Structures are given as C-alpha cells and as structure tokens.
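> no sequence for this one, just the structure:
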C-alpha cells in the first residue's frame with residue numbers, strides 16, 4: 001500500500017468506494033452519467049469515489065472528453081467584444097457570437113476594462 005493507514009482511513013471515510021473494484025452496476029451508472037454530461041464532481045459524489053478514479057475509469061472506457069483549450073483572443077475579437085458590449089448585447093449573445101462561454105466573456109471584459117482605464 002502506498003498510503004499510510006491514517007490517510008487510507010481518511011480517504012475511505014470521505015470516499016467509501018475508495019480503492020474498491022467497480023461493480024457492473026456502477027459502470028452502467030457511470031456510463032449513463034457520462035452520456036448525460038453529468039459534472040465530474042457530481043459523478044464522484046454519486047459513486048462515492050474520487051474525481052481521479054472517475055476520470056481514470058472514463059478514460060479506460062473511452063468516455064473521457066478532454067476540455068478544449070481556450071481560444072486565444074485576437075485584436076479583432078476584442079474589438080468586436082467591446083463594440084457589441086457597449087451596444088448592449090447580453091452576455092449569452094456575446095458568448096454565442098464569439099464562440100465562447102459566458103465565463104470567458106466576463107473574464108475578458110474585466111481584463112479589457114482594466115487595461116482600457118489605466119491612467
């Protein structure tokens with residue numbers, strides 16, 4: 001065992017299925033959750049396993065989808081974002097129009113606003 005007994009006991013308390021073999025029912029539940037695009041944290045909580053155990057099993061089953069890398073922002077993207085934001089477009093409209101998440105839009109707006117209003 002790679003863990004000391006105290007750490008192992010803590011992991012078993014937090015994740016009751018820690019280091020246990022997967023049952024057929026658990027695998028079916030995991031596959032169903034993956035098809036439903038359930039968040040990794042929710043899968044881990046439901047199956048009482050660590051996020052890493054879920055990720056590794058999904059990879060082994062060929063069901064793990066890597067998150068796409070963030071698209072770099074171009075000057076044209078920034079100009080369009082500023083123009084449409086100042087015109088009053090909603091965040092979801094901006095996100096769709098620029099092919100990004102609302103979170104990415106907010107992050108970029110914050111960054112642009114800070115750089116635009118520097119003394």
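Good, I have the coordinates. Predicted model only: the values in this text are computed from it and were never measured.
> what helix or strand does residue 37 sit in?
According to DSSP states H and E, residue 37 maps onto no helix or strand at all.
> how many neighbouring residues does it have?
Applying other C-beta atoms under 10 Å, we find 7 residues neighbouring residue 37. For glycine as for every other residue, the C-beta is placed from the backbone atoms N, C-alpha and C.
> what sits against it?
Applying C-beta atoms under 8 Å, 6 or more residues apart in numbering, we find residue 37 in contact with no residue.
> the one 10 residues further on too?
Remark: with contacts taken as C-beta under 8 Å, 6+ apart, residue 47 is in contact with 17, 26, 29, 30, 54.
> by neighbours, which of those wins?
Most surrounded of the contacts of residue 47: other C-beta under 10 Å gives residue 54, at 23 neighbours.
> before we move on, back to that, restricted to helices, list the contacts of residue 47.
26, 29, 30, 54 (DSSP state H).
> model confidence for the last one, exactly?
Confidence at residue 54, expressed as pLDDT, is 96.
> just put the ones in helices among the contacts of residue 47 in TSV and tack on distance to residue 12.
As requested, the ones in helices among the contacts of residue 47 are exported to TSV (distance: C-beta to C-beta, whole Å):
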residue	distance to residue 12
26	16
29	20
30	20
54	17
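> for the helix or strand of the chain with the lowest mean pLDDT, which outside residues touch it?
When the helices and strands of the chain are compared on mean pLDDT, DSSP states H and E, helix 102-116 comes out lowest with a mean of 81. Contacts to helix 102-116, defined as C-beta under 8 Å, 6+ apart, come from residues 70, 73, 78, 81, 82, 85, 91, 92, 94, 95, 98, 100.
> again, only this time at 7 Å
70, 73, 78, 81, 82, 85, 91, 92, 94, 95, 98 (C-beta atoms under 7 Å, 6 or more residues apart in numbering).
> the third one: neighbour count?
By the criterion of other C-beta under 10 Å, residue 78 has 17 neighbours.
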